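> fold the following, please.
(one chain, ligands or ions: 1)
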Amino acid sequence: MKKVVIVGGGWAGCAAALAARKAGSDVELFERTDMLLGTGLVGGIMRNNGRFTATEEMIAMGGGDLFKVCDNNSRHKNIEFPGHKHANLYDVSRIEPAVRKTLLDAGVNIHLKSRIKDIVGQNGKIMKVIADVYHSNEVIEATGDAFVDTAGTAGPQVNCMKYGNGCAMCIYRCPTFGPRFSIAAKAGVKEIIGQKADGTFGAMSGSCKLHKDSLAPDVREKLDRTGVCVIPVPSHLQKSMASLGQKACQQYALKEFAENIVLLDTGHAKLMSAYYPLDLLRQIPGCTNARFEDPYSGGIGNSMRYFGMLPRDNSLKVEGLQNVFCGGEKAGLLVGHTEAIVTGTLAGHNAARCAVGLSPIEIPQSLACGDAIAHVREKMQTKEGLTKKYTFSGSVYFESMKEKNLYTTDIQQINTRVQQANMTDFFAIPLAQPHLDAAATKKR
Ligand SMILES: Cc1cc2nc3c(=O)[nH]c(=O)nc-3n(C[C@H](O)[C@H](O)[C@H](O)COP(=O)(O)OP(=O)(O)OC[C@H]3O[C@@H](n4cnc5c(N)ncnc54)[C@H](O)[C@@H]3O)c2cc1C
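The predicted structure follows:
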C-alpha cells in the first residue's frame with residue numbers, strides 16, 4: 001500500500017491523516033509533543049457564523065468525522081455571543097483523547113513525542129523524514145510516497161523572543177519538545193511571513209484561559225448553564241478599539257469586545273479580549289480574584305503565529321515540490337479549527353492521490369470550502385492581503401462569503417450544493433488504484 005507521511009498533529013494534521021487513510025493510504029502521523037491537536041488544545045469555538053456552512057459542507061462531502069467528534073464533545077451547542085451565532089463550544093479538557101481514538105480506530109499510525117528534524121529528498125521530491133524521539137536515543141526514519149506539512153506557524157521560540165514578549169509557555173511547549181520545523185522549508189521552499197494589521201511583524205493576541213474557580217460564583221454559574229457570560233466593563237477601564245487590532249482572530253475585533261468582558265465556557269473560562277493585564281482585569285466585577293491559566297504570561301501573553309506559511313495552489317500542493325501538500329495555518333492566513341480541518345482534509349486526500357499517481361483535486365468554488373481556499377491564496381499575493389486574517393466566522397472573509405451567497409444554515413440547501421458540485425461523499429470513498437482499476441480511476 002502507498003504511504004502518506006504527515007508532519008504536525010494539530011487539527012490540520014489529524015484531518016489530513018484521516019482523509020489520507022479513508023482514501024486508502026497507509027498513514028504515519030508525527031507530532032512533536034505528547035498530545036495531538038496543537039493550538040486546538042486551547043480553542044473550542046466551532047460552527048459560529050460561516051463555520052456552520054463549512055462544517056455541513058464537509059459532512060456532506062464525507063470529510064466530517066472530526067466535526068462530529070467536536071459536536072459529541074461540546075459543552076454547549078447553538079449558543080450566541082456578540083457578533084456570533086449558532087456556535088458550539090467543545091470541551092478542551094476532553095477533546096484530545098476523543099480525536100486520538102478516532103484516528104487510531106481508523107488505522108492511523110501515530111508517533112507522539114517524535115519531532116521531525118530532517119528530510120531526505122531530491123529533484124523536488126521528499127522521500128524520507130527523520131524524527132528524534134523525546135528523551136531517548138531512538139531515531140525514526142519514515143519513507144513515504146507523499147507528505148503533508150501541517151506543522152503550524154507558531155514559534156519557534158526565537159521568534160517569540162525576537163518579535164514578542166518572550167516565551168509564554170504556550171500550548172506549544174517548545175522549551176520541552178523543541179521548535180516547529182517545516183519539511184517543505186527544509187526542502188528549499190521559501191516560507192511566507194504574515195504581518196500585523198499595521199504591516200509590522202510581531203505578537204498577536206489569541207484568547208486566554210482563566211481558571212473558572214477564580215471567578216465569582218454567579219459568573220461560574222452563568223458559564224456552566226449557558227456557555228456565555230458577558231460582563232460590562234466600567235467605562236474608565238474599557239480597552240480602546242485599537243487594542244482589538246492586536247487580536248489574531250479579527251472576527252472578535254468588535255466594539256462589544258472592548259465594552260465587555262466576554263467569557264465562553266470551553267471547560268475553562270475563555271477570555272475573548274486581547275491582552276488583559278491582571279491588575280486591570282481584577283477591577284472588573286466578577287473577576288476580582290481572576291487568575292490566568294494558559295498562557296502563563298496571561299495578560300501579556302502573545303501568540304506568535306503566521307511565521308511560516310507555504311506558497312501553494314488551490315489543491316494545497318506546495319509550489320516547487322512534487323509530492324508535498326500543506327494544510328491548516330501552514331496553507332495560509334485561514335484562522336481556526338474548522339479552517340484547519342477543511343484544508344487538512346483536502347491536503348491529506350490529495351497526498352493520497354499523489355501517492356497512487358492521480359492528479360490532485362480542488363474543492364469547487366461554488367462551495368464555501370473551495371471558495372475560501374482560493375480567496376486566501378489570491379489575497380496572499382498582495383501586501384495588504386498579507387496583513388489580514390481570514391475565517392468563515394467573521395471579518396473580511398465572512399463578509400465576502402455572504403456577498404457570494406455562500407453562507408447558509410439550511411442543511412438541505414448545503415447538501416444540494418454539494419451534490420451539484422459532484423462532491424457528495426467524495427472524501428469518504430477509497431481511491432481506485434490506477435494499476436488495479438484504470439477505468440474507475442479515470443472516472444474519479
Ligand atoms: C489561544 C488560541 C485560541 C484559539 N481559539 C480558537 C477557537 O476557539 N476556535 C477556532 O476555530 N480557532 C481558534 N484558534 C485558532 C486555531 O487554533 C488554529 O488556527 C488551528 O487550530 C491551527 O491548526 P494547525 O493544525 O494548522 O496548526 P497547529 O495547531 O499549530 O498544529 C501544528 C502541530 O504541528 C506540530 N509540529 C510542529 N513542528 C513539528 C515537527 N517538527 N515534528 C512533529 N510535529 C511538529 C506542533 O507540535 C503542533 O501540534 C485559537 C488559537 C490560539 C493560539
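> tell me which parts of the stretch 1-150 of the chain are close to the ligand?
Residues of the stretch 1-150 of the chain found near the ligand, taking CB under 6 Å from any ligand atom as the criterion, are 7-13, 30-33, 38-40, 42-45, 115-116, 150. Where you see a C-beta, it was placed from the backbone N, CA and C, and this is true even at glycine.
> what about the residues you listed, which are in helices?
Of the positions in these, 11-13 sit in helices, assigned by DSSP state H.
> find the closest residue to the ligand in the stretch 201-350 of the chain.
Residue of the stretch 201-350 of the chain nearest the ligand, by CB to the nearest ligand atom: residue 328 (2.0 Å).
> highest neighbour count among the ones in helices among the residues of the stretch 1-150 of the chain next to the ligand?
Of these, residue 12 is surrounded by the most neighbours, 36 neighbours in total, counting by other CB atoms under 10 Å.
> and for residue 107, the neighbour number?
If we define neighbours as other CB under 10 Å, then residue 107 has 12 of them.
> so what's it up against?
Taking CB atoms under 8 Å, 6 or more residues apart in numbering as the criterion, residue 107 is in contact with 21, 27.
> run the last query once more with 7 Å
Residues in contact with residue 107 (CB atoms under 7 Å, 6 or more residues apart in numbering) are residue 21.
> that one and the ligand: what is the separation?
With distances taken as CB to the nearest ligand atom, to the nearest Å, residue 107 is found 20 Å from the ligand.
> distance of that residue from residue 72?
In this structure, residue 107 and residue 72 are separated by 20 Å, where distance is defined by CB to CB, to the nearest Å.
> excluding chain neighbours, what is closest to residue 237?
When the adjacent residues along the chain are set aside, residue 237 lies closest to residue 283, with 5.7 Å between them (CB to CB, 6 or more residues apart in numbering).
> what's across from residue 148 in the sheet?
For residue 148, the beta-bridge partners under DSSP bridges are residue 6, residue 325.
> neighbours around it, how many?
Residue crowding around residue 148 was assessed by other CB under 10 Å; the count is 38.
> hmm, it is touching residue 16, no?
Yes: taking contact to mean CB atoms under 7 Å, the distance of 4.5 Å between residue 148 and residue 16 places them in contact.
> intersection of neighbour lists for the two?
The contact lists of residue 148 and residue 16 share 6, 327, 347-348, 351, where a contact means CB under 7 Å, 6+ apart.
> give me the element residue 363 is part of.
Taking DSSP states H and E as the criterion, no element holds residue 363; it sits outside all helices and strands.
> same question for residue 375.
Counting by DSSP H and E, residue 375 is found in helix 368-379.
> which helices and strands sit right next to that helix?
Using 3 or more CB pairs under 7 Å, 6 or more residues apart in numbering; DSSP states H and E as the contact definition, the elements that helix 368-379 packs against are helix 50-60, helix 395-403.
> and the angle for that helix with helix 395-403?
Taking axes from the mean of the first three to the mean of the last three CA atoms, to 10 degrees, helix 368-379 and helix 395-403 form an angle of 130 degrees between their directions.
> sec struct for the residue in the stretch 51-200 of the chain that the ligand sits nearest to, please.
In the stretch 51-200 of the chain, no residue comes nearer to the ligand than residue 152, which is 2.4 Å away by CB to the nearest ligand atom. In the three-state summary, residue 152 is assigned as coil, counting by DSSP: H, G, I helix; E, B strand; the rest coil.
> that one is in contact with residue 11, isn't it?
No: under the criterion of CB under 7 Å, residue 152 lies out of contact with residue 11, with a separation of 9.7 Å.
> before we move on, back to that, deepest of the helices and strands packed on helix 368-379, which one?
Among those, the stretch with the highest mean neighbour count (mean count of other CB atoms under 10 Å) is helix 50-60, at a mean of 25.
> other SSEs contacting that helix?
Secondary structure elements in contact with helix 50-60, counted by 3+ CB pairs under 7 Å, 6+ apart, are helix 65-72, helix 337-355, helix 368-379, helix 411-420.
> list the buried residues for the last one?
If you call a residue buried by 16 or more other CB atoms under 10 Å, then helix 411-420 has these buried ones: 414, 417-418.
> what's the span of stretch 192-212, first residue to last?
Stretch 192-212 stretches 38 Å from its first residue to its last (CA to CA, to the nearest Å).
> name the nearest residue to residue 293, sequence neighbours excluded.
Take residue 293 and drop its neighbours on the chain: the residue closest to it by CB to CB, 6+ apart is residue 209, 4.3 Å away.
> er, residue 297 actually
Of all residues not flanking residue 297 in the chain, residue 168 sits nearest, at 4.0 Å (CB to CB, 6+ apart).
> kindly report the same for residue 133.
On the basis of CB to CB, 6+ apart, the spatially nearest residue to residue 133 that is not a chain neighbour turns out to be residue 114, at 5.3 Å.
> where does the prediction get shaky in the stretch 151-300 of the chain?
Counting by pLDDT under 70, the ranges of the stretch 151-300 of the chain that qualify are 202-203, 205, 241-252, 274.
> mind redoing it with 80?
Under the criterion of pLDDT under 80, the regions of the stretch 151-300 of the chain flagged as low confidence span 155, 163-169, 195-206, 239-254, 273-275, 294-300.
> touching the ligand at all, stretch 172-183?
Yes: Stretch 172-183 lies within reach of the ligand by CB under 6 Å from any ligand atom, at 180-181.
> same deal with stretch 273-293?
No: residues of stretch 273-293 contacting the ligand under CB under 6 Å from any ligand atom: none, with a closest distance of 10.8 Å.
> could you report the neighbour count for the residue nearest to residue 133?
There are 26 residues near residue 114, going by other CB under 10 Å.
> I figured it hits residue 139, correct?
No: the pair residue 114 / residue 139 is not scored as a contact, 9.5 Å apart, by CB under 7 Å.
> need the overlap of contacts for the two.
Common contact partners of residue 114 and residue 139 (CB under 7 Å, 6+ apart): residue 131.
> isn't residue 408 right up against residue 52?
No: contact between residue 408 and residue 52 fails when scored by CB under 7 Å: they sit 8.5 Å apart.
> could you give the number of residues near residue 92?
Here the neighbour count serves as a burial measure; for residue 92 (other CB under 10 Å) it reads 22.
> list the contacts of the closest residue in space to residue 11 that isn't next to it in sequence.
When the adjacent residues along the chain are set aside, residue 11 lies closest to residue 340, with 3.9 Å between them (CB to CB, 6+ apart). Going by CB under 7 Å, 6+ apart, residue 340 touches 10-12, 15, 327-329.
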